[in-house]
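**Student:** Let me see the structure of the following:
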Amino acid sequence: MPHQKWTLLLCGLIFSFVLENLGERRHQPCFNDNDHGFIKVHQKMLRALHAHRPLHAHRHPHLRPVNHAANTCKDFLSGLSAGRSSQELSHRSLAPWRTRTVENHDMYPSRYEEAECLCDGCIINGVENNSYNSVPVEQTFLFLRKVKCPSDPSKYSIEYEKVNVRVACTCAVPRS
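**Tutor:** This is a model prediction of the structure:
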């Protein structure tokens, strides 16, 4: 009987710890910009959450400017008819897309890439077919957001924030 009480107590403590560490809006201590707290806390949180799959911005720390030959579906189709092709999946897809860099300095990472579908329909045999739809594919990523500390507005705290990021486009049958 005493063994069961200790087991229940231990399970309760572990459950409390897990809830605290996985909470949606967990606050951290207040920092100022000179503390470099944002980066340190981010690394600590990622280790605690076992988040091993970073965003594209982490794989490409020096994001290049986004220059695409096609900014619209019409531009994309003109490139196809002119015989220009690309090895990139975004240009070989039936639902082509371009990427743009999103910046938000109150979040970490502060830069990431997001997909924008070029066409409303899908490219079938080199022609846009509106019997189908180009739709964005979203993935949820964990970001950190700076929040002003109520006790000292010159400092900030950090909260988790889940953000849906469009990572590609796919061709789909229209919704009924």
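**Student:** Nearest spatial neighbour of residue 149, chain-adjacent residues omitted?
**Tutor:** residue 30 (4.1 Å; Cβ to Cβ, 6 or more residues apart in numbering). For every residue, glycine as well, the C-beta is placed using N, CA and C.
**Student:** check contacts around the one you found.
**Tutor:** Taking Cβ atoms under 8 Å, 6 or more residues apart in numbering, we find residue 30 in contact with 149, 151, 152, 155, 156, 157.
**Student:** So of those, which two are at opposite extremes in space?
**Tutor:** Spanning the widest gap among those are 151 and 156, at 11.3 Å by Cβ to Cβ.
**Student:** per-residue pLDDT, residue 18?
**Tutor:** Looking at residue 18, its pLDDT is 44.
**Student:** Next: residue 124.
**Tutor:** 92.
**Student:** Go ahead and confirm it touches residue 94.
**Tutor:** Yes: under the criterion of Cβ atoms under 8 Å, residue 124 makes contact with residue 94 at 6.8 Å.
**Student:** Please export the C-alpha coordinates of stretch 132-151 as PDB.
**Tutor:** Taking C-alpha atoms only, stretch 132-151 is exported to PDB below (Å, rounded to 0.1, in the frame of the first residue of the first chain):
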ATOM      1  CA  TYR A 132      -8.700  20.900 -60.500                       C
ATOM      2  CA  ASN A 133      -7.400  23.300 -57.800                       C
ATOM      3  CA  SER A 134      -3.900  24.200 -56.800                       C
ATOM      4  CA  VAL A 135      -4.000  24.200 -53.000                       C
ATOM      5  CA  PRO A 136      -1.300  25.000 -50.400                       C
ATOM      6  CA  VAL A 137       0.100  22.300 -48.200                       C
ATOM      7  CA  GLU A 138       0.600  23.500 -44.700                       C
ATOM      8  CA  GLN A 139       2.900  22.200 -41.900                       C
ATOM      9  CA  THR A 140       2.800  23.400 -38.300                       C
ATOM     10  CA  PHE A 141       6.100  24.700 -36.900                       C
ATOM     11  CA  LEU A 142       7.000  25.800 -33.400                       C
ATOM     12  CA  PHE A 143       8.200  29.400 -33.100                       C
ATOM     13  CA  LEU A 144       9.100  31.600 -30.200                       C
ATOM     14  CA  ARG A 145       7.500  35.000 -29.800                       C
ATOM     15  CA  LYS A 146       8.900  37.900 -27.900                       C
ATOM     16  CA  VAL A 147       6.300  39.400 -25.500                       C
ATOM     17  CA  LYS A 148       6.900  42.600 -23.500                       C
ATOM     18  CA  CYS A 149       7.200  41.900 -19.700                       C
ATOM     19  CA  PRO A 150       4.400  43.600 -17.700                       C
ATOM     20  CA  SER A 151       6.900  44.400 -14.900                       C
END
